[in-house]
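In: This is the structure alone, sequence omitted:
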């Protein structure tokens, strides 16, 4: 697995651990995302259980950032409750990915709501672009 993809999944795993418990629902979402990217359960396990979580992966394109934040949001929502530590980590990633500090809360709320409503990545991307264009 390439280094970029390893870091991507380590970001998601860090989110799953934010509430200090790797819930079975969070695990299922993580494996589903891996499957979508052509990664087997065994390959993912070897990364998340043997790699150290270091610097987070910072996606380069807007779409990659939204895809990563959407998947992080799926992990947050997997167990049916949003812990403050998870929300804080989501906001950390939003800021780390280069989004405006004054829009972090709005972006986080929109991501979580759109994922709850099962919107597709194109709709979520469009929603975030609209937020960024607002003054």
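Out: Sure thing, it's come through. As the structure is a prediction and not an experimental result, all values here were calculated from the model.
In: can you pull out the helices in the protein?
Out: In the chain, the helices defined using DSSP state H lie at 3-16, 24-36, 41-48, 62-77, 84-96, 104-116, 121-133.
In: ranking the ones you listed by burial, who's on top?
Out: Burial of the helices of the chain is given as mean neighbour count (mean count of other Cβ atoms under 10 Å); helix 62-77 ranks first at a mean of 21. From N, CA and C alone the C-beta is placed, and that goes for glycine too.
In: check contacts around residue 47.
Out: 1, 6, 9, 10 (Cβ atoms under 8 Å, 6 or more residues apart in numbering).
In: doesn't residue 57 make contact with the last one?
Out: In this case it means residue 10. Yes. Checked against Cβ atoms under 8 Å, the pair residue 10 and residue 57 is within contact range at 7.0 Å.
In: What sits closest to residue 28 if chain neighbours are left out?
Out: Leaving aside its sequence neighbours, residue 28 sits nearest to residue 78 (Cβ to Cβ, 6 or more residues apart in numbering; 7.0 Å).
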